[in-house]
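Build me a structure from this.
(2 chains)
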Amino acid sequence: MSALTPYLTVFTGRLEVTLQYRAAAFAGFITQCWFGVIRILIFAAFYAGGAHNAPMTLANAITYTWLGQAFLAFLPWNADPDVTEMVRSGAIAYERVRPVDTYAWWYMRALAWSVARVLPRAALMVAFASVLLPLVGLGEWGLPPPPTLAAAGLFALSAVGMVLLSAAITLIINVLMTAMLTDRGPNTLVAPIVNLFSGAIVPLAFFPDAVRPWLRAQPIAGLVDIPFSIYFGGLSGWAAAGAIALQFGWTAVLILIGRAWLERSLRRLVVQGG
Amino acid sequence: MPQILVEELSKTYRIAERDPGAMGAVKGLFHRRWRTVEALSGVSFQLERGELVGLIGPNGAGKSTTIKILSGILEPTSGRCEVDGLVPWRQRVRHVARIGVVFGQRSQLWWDLPVIDGFDLLRDIYRVPPAAYASMRDELVALLRLERLLNQPVRQLSLGQRMRCEIAAALLHQPALIFLDEPTIGLDATSKLAVREFVGRLNREHGVTVILTTHDMHDIEALAERVIVIGGGRILADGPFETLRAGALAERRLFVDFDGEAPALDWPEVRVVARNGRQLELAFDPARTPAPALIARIVAAHPVDDIHVEEPLIEEVIARFYEQHGANEA
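Okay, here's the model as predicted:
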């Protein structure tokens, strides 16, 4: 039994339980295909209107869109629903009598939850956009592999950063929820911020020159814009390495803030009744 | 050295209040009024290893707050508390590895998983060595009769079945101290007896220290030699249940079935509590009027069919005690 056993256990346990929801995964995949097509049609119309100095090519915009649809469940829109339920029901008292660090414990829960939701959806999405579309002759509308081996390797690294960052942000929302005793406020507040600042709605490259450097430096860019730009080669070499360092750096900062804040808020938490 | 040391423990909460109605809600947006509630004010007690203590008190008395501070969940506002030399809320992780907790109103097992999987998870969480885990699990399964439940998902268990599993779950890591917060709440008579018997054995045979909170006074009567009564955030009494009974409600009851219509019996040493046809229920104080003397006097004065003495119900004793101390919730 190593010191890590409890954390690995909660990770695999949550992963297994969440992977059982096959219908949800399939429904999510269908929805994401639909929105992927709509967004690609919008890009196509935009480029057809004569976008001479657009910051990326239509092919790259299509790649960016499919990746966004495949990894959609990594966007931290909500507090962890299991933790929300525990706070609401008071079962959180049991979380505090476990001999584990509550932050690390919840982090592993959040990680398992997002990974388990993304895996089946992403697999289906790749089968659809990278295999099925080219087979039926719509290859230019599909998701190609990364252009170079270096891009693929850097993307793999950055994807790990994306997953870790996503869980760190989920934990920040958990802390807000724990302090407010409801998830509705934090969820409504965080979802639009994440959508806009990650580049999930419009790639950050399309924003005006004056704000773009700032947008690329803020933590949420690491959820979408940095890994996807690395994938199609929009960020490469030292620029890519710097972006990945920024991604991991922000993740570390958010973890430190989240952990200190969680301990503070849990010590004040009043578990009523019973 | 005592296993649990609690000195002058206090806990205050701040509660936001507002006037009723829509105007009150609008006013509350601009000006918030806070009221301080003292959940605990100066609680002190000590517990030796191997004791079984019942913690009782009306709703809102501070029982659960005490348990939550002792188990490291809450931090008190002031006061000192040590369990086995550790301060629960400061050395939380080390402290909770050694204790077991059951909150009767909540569940610690994973809802969607079979019971046995939940146990396995707890083994990993508490890092219990596999051999120790297997022997403890098998013992608990046998004692609490869980064989047929192990492969069922927790959500399909009845409350009584679930509570037996919850208790087993709290003991898999062999804690030397357990907190049972209302473990018999909502259970039927058979399950209550099973839980009581098990807790008693655990304490007697394994020397586990038990702190039990409950509203079921039969739990206390069956299990606890020592009772701590909390009311309004203070300790009102601490000692054997018999002392409490003597102080709160010394009187006993005498049930007399007369041969013929029950007489008026207007004597100073007894009080007629109830009259049912030929039966009288009488209350008397055994310290002033010994039962044999009273019975002799009644039998001499009236023809009697049957006669027996009862102690007042434990619920009555406790209710009277709460009343005397103004402990009941506002």
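
shaky segments in the stretch 51-200 of chain B?
With pLDDT under 70 as the threshold, the stretch 51-200 of chain B has no low-confidence stretch at all.

how about the residues of it near chain A?
By CB under 8 Å from any CB of the partner chain, the residues of the stretch 51-200 of chain B that approach chain A are B:64, B:68, B:71-75, B:89, B:92-94, B:96-97, B:99, B:101, B:103-108, B:110, B:112-113, B:121, B:124-129, B:181-182. Any C-beta I mention is one placed from the backbone N, CA and C, and that applies to glycine too.

How many residues are close by residue 127?
No chain in the question, so chain A it is. As a burial measure, residue A:127 scores 12 neighbours (other CB atoms under 10 Å in any protein chain shown).

not what I meant, chain B
Per other CB under 10 Å, the neighbour tally for residue B:127 reads 18.

next one: phi and psi at the nearest residue to residue B:188 once chain neighbours are set aside?
Closest residue to residue B:188 apart from its sequence neighbours, by CB to CB, 6 or more residues apart in numbering or on different chains: residue B:160 at 6.0 Å. In this entry, residue B:160 is assigned phi and psi values of phi -70, psi -40 (degrees, to the nearest 10).

Tell me where chain B has strands.
In chain B, the strands defined using DSSP state E lie at B:4-17, B:33-47, B:52-56, B:78-83, B:99-103, B:177-181, B:209-213, B:226-231, B:234-240, B:252-258, B:271-276, B:279-284, B:304-310.

any chance of the ones you listed in JSON lines, with mean neighbour count and distance to residue B:150 too?
Rendered in JSON lines, the data for the strands of chain B read as follows (neighbours: other CB atoms under 10 Å in any protein chain shown; distance: least, CB to CB, whole Å):
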{"stretch": "strand B:4-17", "mean neighbour count": "16", "distance to residue B:150": "34"}
{"stretch": "strand B:33-47", "mean neighbour count": "16", "distance to residue B:150": "34"}
{"stretch": "strand B:52-56", "mean neighbour count": "24", "distance to residue B:150": "28"}
{"stretch": "strand B:78-83", "mean neighbour count": "17", "distance to residue B:150": "32"}
{"stretch": "strand B:99-103", "mean neighbour count": "25", "distance to residue B:150": "18"}
{"stretch": "strand B:177-181", "mean neighbour count": "24", "distance to residue B:150": "22"}
{"stretch": "strand B:209-213", "mean neighbour count": "25", "distance to residue B:150": "25"}
{"stretch": "strand B:226-231", "mean neighbour count": "22", "distance to residue B:150": "35"}
{"stretch": "strand B:234-240", "mean neighbour count": "16", "distance to residue B:150": "39"}
{"stretch": "strand B:252-258", "mean neighbour count": "18", "distance to residue B:150": "47"}
{"stretch": "strand B:271-276", "mean neighbour count": "12", "distance to residue B:150": "50"}
{"stretch": "strand B:279-284", "mean neighbour count": "18", "distance to residue B:150": "50"}
{"stretch": "strand B:304-310", "mean neighbour count": "12", "distance to residue B:150": "44"}
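
Relative to the whole chain's centre, how far out is the helix or strand where residue A:255 lies?
When secondary structure is defined using DSSP states H and E, the element that contains residue A:255 is helix A:237-268. Using CA atoms, centre = their mean, to the nearest Å, we find the averaged C-alpha position of helix A:237-268 to lie 14 Å away from the chain's own average C-alpha position.

burial count for residue A:214?
11.

I misspoke; the intended subject was residue A:29.
The criterion is other CB under 10 Å. On that basis, residue A:29 has 21 neighbouring residues.

do you know how far it is from residue A:120?
Going from residue A:29 to residue A:120 by CB to CB, to the nearest Å gives 8 Å.

Same question for residue A:106.
Residue A:106 sits 23 Å away from residue A:120, going by CB to CB.

Check residue B:209 too.
In this structure, residue B:209 and residue A:120 are 48 Å apart, going by CB to CB.

who has more neighbours, residue A:106 and residue A:120?
Between residue A:106 and residue A:120, counting by other CB under 10 Å, residue A:106 is the more crowded of the two (26 against 19).

Quick one: name whatever helix or strand follows the helix or strand harbouring the more buried one.
Per DSSP H and E: residue A:106 is located in helix A:102-126. Sequence order places helix A:133-135 as the next helix or strand after helix A:102-126, per DSSP H and E.

So which bits of chain A are right by chain B?
Counting by CB under 8 Å from any CB, chain A comes close to chain B at A:1, A:3, A:5-6, A:8-10, A:13, A:17, A:89-91, A:93-94, A:96-101, A:267-268, A:270-271, A:273-274.

Throw together a ChimeraX command that grabs the buried residues out of the residues you listed.
Typed into ChimeraX, the line below selects the buried ones among these, using 16 or more other CB atoms under 10 Å in any protein chain shown:
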select /A:6,9,10,13,17,91,93,94,96,97,98,99,100,101,271,274
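
Now intersect the residues of chain A next to chain B with the helices, please.
Assignment to helices by DSSP state H places the following of these there: A:5-6, A:8-10, A:13, A:17, A:89, A:93-94, A:96, A:267-268.

between those, which is nearest residue B:220?
Within these, distances to residue B:220 taken as CB to CB reach their minimum at residue A:93, with 23.2 Å.

Run through the residues that contact that closest one.
Remark: with contacts taken as CB atoms under 8 Å, 6 or more residues apart in numbering or on different chains, residue A:93 is in contact with A:271, B:68, B:73, B:101, B:103, B:106.

now for the helix or strand containing residue A:28, which elements pack on it?
Applying DSSP H and E as the criterion places residue A:28 in helix A:22-48. Judged by 3 or more CB pairs under 8 Å, 6 or more residues apart in numbering or on different chains; DSSP states H and E, helix A:22-48 is in contact with helix A:58-70, helix A:102-126.
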